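K.L.:
Build me a model:
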Amino acid sequence: MRITHLLISLGFAALLMIGGTTAIPQGSLADDKTQQAKATFAGGCFWCMEEAYEKVEGVISVISGYTGGQLVNPTYEQVSAGATGHAESIEVLYDPNKVTYQHLLEVFWHNIDPTTPNAQFCDHGNQYRTAIFYHNETQKQLINESRHSMENSKSFPQPIVTEIVPASIFYPAEDYHQDFYKKNPVRYKFYKWNCGRSQRLEQLWGKG
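P.N.:
Down below sits the predicted model:
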């Protein structure tokens, strides 16, 4: 995705809407007043993961960004070069009264290939690794339970290699990456099909 993203961003960034992106503060799983909770996932191309989660009822917002690395305030070019340690990720803000964390985990598994290390579909490098970043011990427990349940119910050709790691600072990606699938539907669909994402997901999980 690095080359595709760079070509698109260089060729079309000037045509996209310009606006600010605000990071969601790091904190507890839920706020009693607002009834909002946070989940963080890395599943390869964040454009595709953003699309998947924005369709889920109870999800309030989805932000594309970078997390899991060492560099402060990384740019897309730095992350896509593979030297920052960050993964392309999404941060999901959701209403726990309308959707459970367990359901968000199901959405995650069915939108990735959990058997491929340091790559997803046509995108290769540790910046495209799959990972679930837990914000507290409850999330960690639910993630492990979900993984064990999946391993017991489905046979994969290779072991599951998705990382389960503590959440760290999440850096929102540049504005032109946010809601890219809505802003540039033709280019997005071409990328997604050309990358083989839908085809591979159907092989792993069936149609649905």
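K.L.:
Name the single longest helix found in the chain.
P.N.:
Ranked by residue count under DSSP state H, the longest helix found in the chain is helix 137-153.
K.L.:
my read: residue 191 touches residue 121, true?
P.N.:
No - if you go by Cβ atoms under 8 Å, residue 191 and residue 121 don't touch, sitting 10.4 Å apart. All C-beta atoms are positioned from the backbone trio N, CA, C, and that covers glycine.
K.L.:
list the residues that contact both of the two?
P.N.:
Here residue 191 and residue 121 have residue 45 as joint contacts, going by Cβ atoms under 8 Å, 6 or more residues apart in numbering.
K.L.:
Identify the residues contacting residue 157.
P.N.:
residue 115.
K.L.:
Any stretches of the chain with poor pLDDT?
P.N.:
Along the chain, segments meeting pLDDT under 70 span 1-34, 208.
K.L.:
repeat that with 80
P.N.:
Low-confidence segments of the chain, defined by pLDDT under 80: 1-34, 155, 208.
K.L.:
so residue 116 makes contact with residue 160?
P.N.:
No - when contacts are counted by Cβ under 8 Å, residue 116 is not listed as touching residue 160 (10.0 Å).
K.L.:
which one of the two has more residues nearby?
P.N.:
Each of residue 116 and residue 160 has its neighbours counted (other Cβ atoms under 10 Å); residue 116 has more, 18 against 14.
K.L.:
Could you confirm that one falls within a helix?
P.N.:
No - per DSSP: H, G, I helix; E, B strand; the rest coil, residue 116 lies outside any helix segment and is coil.
K.L.:
For the nearest residue to it once chain neighbours are set aside, give me its contacts.
P.N.:
Nearest residue to residue 116, sequence neighbours excluded (Cβ to Cβ, 6 or more residues apart in numbering): residue 161, at 7.0 Å. Residue 161 is in contact with 114-117, 130, counting by Cβ under 8 Å, 6+ apart.
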